[in-house]
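Novice: Sequence first, predicted coordinates after that:
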Amino acid sequence: MRYTGENCPYCGTEFAEQDDVVVCPDCGTPHHRVCWFAHGECAAAEKHAEGFVWKKSAEPQPEQEESKTEKNAHTRSESNLDIVCPDCGATCPNGTLRCPECGAVLIPFANPMGDPPIAQFKPDFNPNENIRGLKSGDIALFCRTAGASYIKKFRRKFSWNWAAFLFSPYWFFYRKLHKAGAILFAVFISLNLLMIPAEQYFNDTTAPIMAEMYELIEPYVEENQQTGFMSFLYGNSVTVSEEGYKVLEEFIQSNQSRIINEVLKPLLPIVAVLFLLGSLKVVSALLADRLYYKKACTEIKRIRGSSSDERKVQVELFRKGGTNILFGSGSYLIGDILIYAASYLLMR
């Protein structure tokens with residue numbers, strides 16, 4: 001690699017053989033690809049008007065190379081410009097291109113002048129806006145994913161969260177609301193476990209009358225042979241003749257009390273459990289943003305009060321907030337396994 005021995009003008013790290021390098025088309029200055037995309041332009045952009053052209057530095061002598069390496073290592077240890085992985089939260093040395101823990105691509109959280117790394121926001125974003133006692137920039141750093149959406153939600157005391165409605169209780173684990181997630185998870189699993197005996201009771205109670213009704217209409221059942229593509233999709237279809245419907249109607253009219261006792265009443269426990277499961281999702285959607293705001297408020301104020309170093313504060317906000325995909329998906333798998341195991345044991 002012809003850039004070996006040169007340093008990236010943004011992160012200051014020496015280029016290695018395996019590094020992905022982007023060269024400025026105007027002046028030829030090399031950059032790490034992640035550094036280029038993080039800053040959006042060449043580090044020497046201000047010199048382009050002067051006709052600046054990048055030139056490779058002279059090859060250092062062996063003893064100079066050794067002292068340079070030691071100096072870079074000393075500078076790195078002194079500045080301690082760490083990069084926090086956005087996926088797993090691991091702390092990596094400045095200049096690391098991929099997280100050694102999960103392999104995620106890292107964007108250097110620093111600037112070329114060596115100042116403390118401060119988060120860069122879009123030009124039209126005001127990071128100092130007061131959102132019910134919190135800075136909008138702190139909220140964006142803490143939420144990370146969908147930060148702009150939660151800034152809008154936090155402006156209101158009550159809001160509806162569709163993600164929590166559709167994926168409750170797993171959304172709470174995904175957003176690191178572990179206490180609320182554990183409570184809702186326990187309720188959710190309990191209701192699903194109640195559904196198993198309710199369904200079993202319904203099937204056992206309705207089995208005699210359903211068998212009797214099928215026996216009555218069996219002589220009137222006609223099987224229609226499907227051909228071609230319809231046969232591939234649906235197979236053979238079954239229909240009941242008009243005489244069969246009349247026999248079934250007469251049976252229902254003469255056994256109304258029995259149908260109420262053996263079909264409708266056993267169905268009530270199932271309906272009740274479904275109602276409670278639906279209510280759990282509605283409650284989750286209504287409480288999700290409020291609980292998330294309280295967590296953000298507690299964490300942000302704690303972190304702000306623990307240090308006056310802006311860099312440390314922002315790195316800590318970045319690390320403590322965000323999401324946890326593994327915990328969210330893991331809770332979903334655990335819930336499925338528990339429900340399946342309980343169904344298997346109760347149905348034996």
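Specialist: In hand now; what should we look at? Quick caveat, the model's predicted, so the values are computed rather than measured.
Novice: ok, now how distant is residue 157 from residue 143?
Specialist: Residue 157 sits at a distance of 18 Å from residue 143 (criterion: Cβ to Cβ, to the nearest Å). Any C-beta I mention is one placed from the backbone N, CA and C, and that applies to glycine too.
Novice: Compare the two and say which is more crowded by neighbours.
Specialist: Counting neighbours by other Cβ atoms under 10 Å for residue 157 and for residue 143 shows that residue 143 has the greater number, 22 against 9.
Novice: and that one, how far is that from residue 205?
Specialist: As judged by Cβ to Cβ, residue 143 and residue 205 stand 50 Å apart.
Novice: now do residue 212
Specialist: In terms of Cβ to Cβ, residue 212 sits 13 Å off from residue 205.
Novice: Repeat that for residue 270.
Specialist: For residue 270, the distance to residue 205 (Cβ to Cβ) stands at 11 Å.
Novice: Next: residue 283.
Specialist: From residue 283 over to residue 205 the distance is 31 Å, taken as Cβ to Cβ.
Novice: again, but for residue 251
Specialist: From residue 251 to residue 205 the distance is 18 Å (Cβ to Cβ).
Novice: For residue 255, give me its contacts.
Specialist: If you count contacts by Cβ atoms under 8 Å, 6 or more residues apart in numbering, residue 255 has them with residue 209.
Novice: So which residues of the protein form helices?
Specialist: 33-39, 62-79, 136-143, 147-154, 162-167, 170-174, 178-217, 228-234, 242-254, 256-259, 265-306, 310-320, 325-347 (DSSP state H).
Novice: among those helices, which is the most enclosed?
Specialist: Neighbour counts (mean count of other Cβ atoms under 10 Å) averaged over each of these peak at helix 170-174, with a mean of 25.
Novice: Just the CA atoms from that helix would do, formatted as CSV, please.
Specialist: Taking Å, rounded to 0.1, in the frame of the first residue of the first chain, the C-alpha atoms of helix 170-174 are listed here in CSV:
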residue,chain,number,x,y,z
TYR,A,170,-40.0,-7.0,24.2
TRP,A,171,-39.8,-3.3,23.2
PHE,A,172,-39.0,-2.4,26.8
PHE,A,173,-36.0,-4.7,26.9
TYR,A,174,-34.9,-3.4,23.6
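Novice: For it, name the packing helices and strands.
Specialist: helix 162-167, helix 178-217, helix 265-306, helix 325-347 (3 or more Cβ pairs under 8 Å, 6 or more residues apart in numbering; DSSP states H and E).
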